[in-house]
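> Next come a sequence and a model predicted from it.
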There are 2 protein chains.
Amino acid sequence: MKRVLGVVSEIITEEHILQISQIASQYGFHVQHYNNSMEAMGCASDFEIIFGNCTVDLIRSAKNLKWHRCVSAGTNRYSEKGLYRCSDSILSSSSGAFGKDIAEHITMVTLMLLRNMPQYMVLMRQGGWGSPQEIRTISGSTITILGTGDIGLAFAQRAKAMGAKSVCGIYRSRKPNDRCFDMAYPVSHLDHLLPQTDILVLCLPSTVETCGILSKERINLLSKTSYVINVGRGTAIDQEALIDALNGDRLAGAALDVMLPEPLPAGDKLRSAKNIILTPHIAGNIAHSATRDLIVKLFCEDFINYVEGKQLKRAVNREKGY
Amino acid sequence: MKRVLGVVSEIITEEHILQISQIASQYGFHVQHYNNSMEAMGCASDFEIIFGNCTVDLIRSAKNLKWHRCVSAGTNRYSEKGLYRCSDSILSSSSGAFGKDIAEHITMVTLMLLRNMPQYMVLMRQGGWGSPQEIRTISGSTITILGTGDIGLAFAQRAKAMGAKSVCGIYRSRKPNDRCFDMAYPVSHLDHLLPQTDILVLCLPSTVETCGILSKERINLLSKTSYVINVGRGTAIDQEALIDALNGDRLAGAALDVMLPEPLPAGDKLRSAKNIILTPHIAGNIAHSATRDLIVKLFCEDFINYVEGKQLKRAVNREKGY
């Protein structure tokens, strides 16, 4: 029986398919490329592997599926119990491909908040001019990064290079082994760190554990001169409490790339919160060609692990959610 | 006769005055502080030293002035011939105090351009949402920095730390001795570098030599996917040609903190150029308390050089203009 690898993604180019096919064919795999799940549906039962963020319907129909590899870092839409027919099916992510992109996004919005950039843009747009206002700098700031994976680490490196006073990582499961963090503590230390934090960055997956991790109580521990940045998942923050803190001047500002819900309704009060910068979940940018290349490269590495029966990297514990 | 140091600046705090007085008094100087030039006018002829960006009228009246130290990096408003009564009067700047602030500004606007941030902000403001668009990153970019002083160097460090593919410095007078630049060339090499440049950063003082340095011809050497950033002086760019290139899609975007004239009139066509980010000359931010502290610290160091008859740092060649 032929072994079939179904690539179901419109972001994968013909060059990528060639690259994947060269490796896959060495191990007896036939590669089929579909731009979307509809196209692939008729062949669903052929797939031993699916590479791409297909619909859950396609997953349900892929009754011989052994490995599903997402092109995203997040895999929440595949967390439904019993979704995968084979109980030993592996779900894995492209975690690790987005670190640089997202770290540049975090650097950008952090600087925009510290330097009052949204206000200057309004002034200039309205035909005005402006005088220097008190600004702040990454150089000299105390930064707390909640989540010490690929993204947290990449931002920590940049923050240190820009002269941050201290960069502290908060980890959930495994202590990060990297000198880019001045310190690393488990989540249990978070409450002690919040009052001294100038910039709090959240880069966490959505799990039972991370849901609501920045609660109203924790928001209240932050100083009124501090900023909150979220590039992980919207579920991590008590969004109501964040809006209240911003509008009540109990926080200096926030930049959210992820929020609840997405897309955010036109009239949602989050849009008009004070000193907020919103982006439509584009920090980790699948449209960036270098990132797509990296997603494919990491897949090819994982593919070899798969066919050789080795442990897969980036495999998701479907119960934990990451 | 008493020697008088007149501090004419509203950005200098009482603590700064104490700090200056402690040093100045050791050398027989009496320190007088004025918030503005009007207040100081009656005492103009007392001043041996003026620290601050006072009016040219005050300079004209300060007939015993030996040293004028600005709180800014630019000193153009004092370039009028014969302005200083004593022919051996020294004019010096606070060049060196603004590197970190301005480097953070350059980093911010570069990322905003590369990541289509102005467009996303419009979308979100209008109640919409957006899908990922092709973005680019500092990581992997070819960067050319025109001006290798304090500011150019500070940005080069940050760009390298963020993984820039290459960072090339273009110097006018003295080859920079720093490994943050991958290469450093004299201005004569500029035309060869422009076609390969992704991000061109101008951080030059306004001098006869730098006026119009980014001419129409040089703008045309840049690729249509490249970006121009100016944090030096507006005179460096042929602004008409820049607007034409932006509106004609012959440049991908620009971020100008300095322009002609300042303040920019409400209806100026620069404001509506395509893919432009304008800020009102605030990159080097005098309102930043850490920068003010540094300006005073550098002054105190220069003061000791002055009283001890040593060469002053940051002295301006009034003919060259920097």
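It's in. Numbers count the residues shown, from 1 in each chain, chains lettered A, B, ... in the order given.
> CA atoms for contacts and neighbours, from now on please.
OK.
> which non-adjacent residue is nearest whatever residue of the stretch 201-322 of chain A ends up closest to chain B?
For the stretch 201-322 of chain A, the residue closest to chain B is A:Ala266, as judged by C-alpha to the nearest C-alpha, at 4.1 Å. Excluding the flanking residues, the one nearest A:Ala266 by C-alpha to C-alpha, 6 or more residues apart in numbering or on different chains is B:Gly127, at 4.1 Å.
> Now do that neighbour, the pLDDT please.
B:Gly127 carries a pLDDT score of 95 in this model.
> What ranges does the stretch 151-300 of chain A have for its strands?
Counting by DSSP state E, counting those that start in this stretch, the stretch 151-300 of chain A has these strands, from start to end: A:166-171, A:183-186, A:199-202, A:227-230, A:253-256, A:276-278.
> how much distance is there from the last one to the middle of the chain?
This points to strand A:276-278. How far strand A:276-278 lies from its chain's middle: 17 Å, per C-alpha atoms, centre = their mean, to the nearest Å.
> just to revisit the earlier point, quick check, the residue of the stretch 201-322 of chain A closest to chain B in contact with B:Gly128.
Yes: using C-alpha atoms under 8 Å, A:Ala266 is in contact with B:Gly128, at 6.1 Å.
> helices and strands around the helix or strand A:Met112 falls within, which ones?
Taking DSSP states H and E as the criterion, A:Met112 maps to helix A:99-114. On a contact count with 3 or more C-alpha pairs under 8 Å, 6 or more residues apart in numbering or on different chains; DSSP states H and E, helix A:99-114 meets helix A:150-161, strand A:227-230, strand A:253-256, helix B:99-114.
> same thing but 6 Å
Secondary-structure packing of helix A:99-114 (3 or more C-alpha pairs under 6 Å, 6 or more residues apart in numbering or on different chains; DSSP states H and E): helix A:150-161, helix B:99-114.
> And the residue of the stretch 201-322 of chain A closest to chain B, what's its pLDDT?
So A:Ala266 comes in at 96 (pLDDT).
> re the thing from before, what would the helix holding A:Met112 look like as PDB? C-alpha coordinates only.
What follows is helix A:99-114, C-alpha atoms only, in PDB (Å, rounded to 0.1, in the frame of the first residue of the first chain):
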ATOM      1  CA  GLY A  99      10.400  33.400  17.200                       C
ATOM      2  CA  LYS A 100      12.200  36.000  15.200                       C
ATOM      3  CA  ASP A 101       9.100  37.500  13.600                       C
ATOM      4  CA  ILE A 102       7.200  37.700  16.800                       C
ATOM      5  CA  ALA A 103      10.200  39.100  18.700                       C
ATOM      6  CA  GLU A 104      10.400  41.900  16.200                       C
ATOM      7  CA  HIS A 105       6.700  42.500  16.600                       C
ATOM      8  CA  ILE A 106       7.100  42.700  20.400                       C
ATOM      9  CA  THR A 107      10.100  45.100  20.000                       C
ATOM     10  CA  MET A 108       8.000  47.300  17.800                       C
ATOM     11  CA  VAL A 109       4.900  47.600  19.900                       C
ATOM     12  CA  THR A 110       7.000  48.000  23.100                       C
ATOM     13  CA  LEU A 111       8.800  50.900  21.600                       C
ATOM     14  CA  MET A 112       5.600  52.400  20.200                       C
ATOM     15  CA  LEU A 113       4.100  52.300  23.700                       C
ATOM     16  CA  LEU A 114       7.200  53.700  25.500                       C
END
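> related to what we said a few turns ago, the residue nearest to A:Ala266 and A:Val201: what is the separation?
Using C-alpha to C-alpha, to the nearest Å, we find B:Gly127 at a distance of 25 Å from A:Val201.
> okay, the two: which has more neighbours?
Taking other C-alpha atoms under 10 Å in any protein chain shown, B:Gly127 and A:Val201 do not tie; A:Val201 has more neighbours (25 against 13).
> I'd say the more buried one and A:Thr148 touch.
No: at 10.5 Å, A:Val201 does not count as touching A:Thr148 under the criterion of C-alpha atoms under 6 Å.
> on that earlier part again, arrange the strands of the stretch 151-300 of chain A in JSON lines, one row each, with mean pLDDT and distance to A:Ser93 as further columns.
Output for the strands of the stretch 151-300 of chain A, formatted as JSON lines (pLDDT from 0 to 100; distance: least, C-alpha to C-alpha, whole Å):
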{"stretch": "strand A:166-171", "mean pLDDT": "97", "distance to A:Ser93": "19"}
{"stretch": "strand A:183-186", "mean pLDDT": "96", "distance to A:Ser93": "24"}
{"stretch": "strand A:199-202", "mean pLDDT": "98", "distance to A:Ser93": "19"}
{"stretch": "strand A:227-230", "mean pLDDT": "98", "distance to A:Ser93": "20"}
{"stretch": "strand A:253-256", "mean pLDDT": "98", "distance to A:Ser93": "23"}
{"stretch": "strand A:276-278", "mean pLDDT": "97", "distance to A:Ser93": "25"}
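> I'd like the ones you listed laid out as TSV, including distance to B:Ala161.
Listed next are these as TSV, based on distance: least, C-alpha to C-alpha, whole Å:
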stretch	distance to B:Ala161
strand A:166-171	16
strand A:183-186	20
strand A:199-202	20
strand A:227-230	21
strand A:253-256	23
strand A:276-278	25
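> wait, which of these is closest to B:Ile17?
Of all the strands of the stretch 151-300 of chain A, strand A:166-171 sits nearest to B:Ile17, with 30.6 Å by C-alpha to C-alpha.
> and that closest one with helix A:150-161, angle?
With axes from the mean of the first three to the mean of the last three C-alpha atoms, to 10 degrees applied, the angle from strand A:166-171 to helix A:150-161 works out at 170 degrees.
> could you dump the helices and strands packed on helix A:99-114 to a markdown table with distance to B:Ile243, mean neighbour count and mean pLDDT?
Output for the helices and strands packed on helix A:99-114, formatted as a markdown table (distance: least, C-alpha to C-alpha, whole Å; neighbours: other C-alpha atoms under 10 Å in any protein chain shown; pLDDT from 0 to 100):
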| stretch | distance to B:Ile243 | mean neighbour count | mean pLDDT |
| --- | --- | --- | --- |
| helix A:150-161 | 33 | 24 | 95 |
| helix B:99-114 | 16 | 24 | 97 |
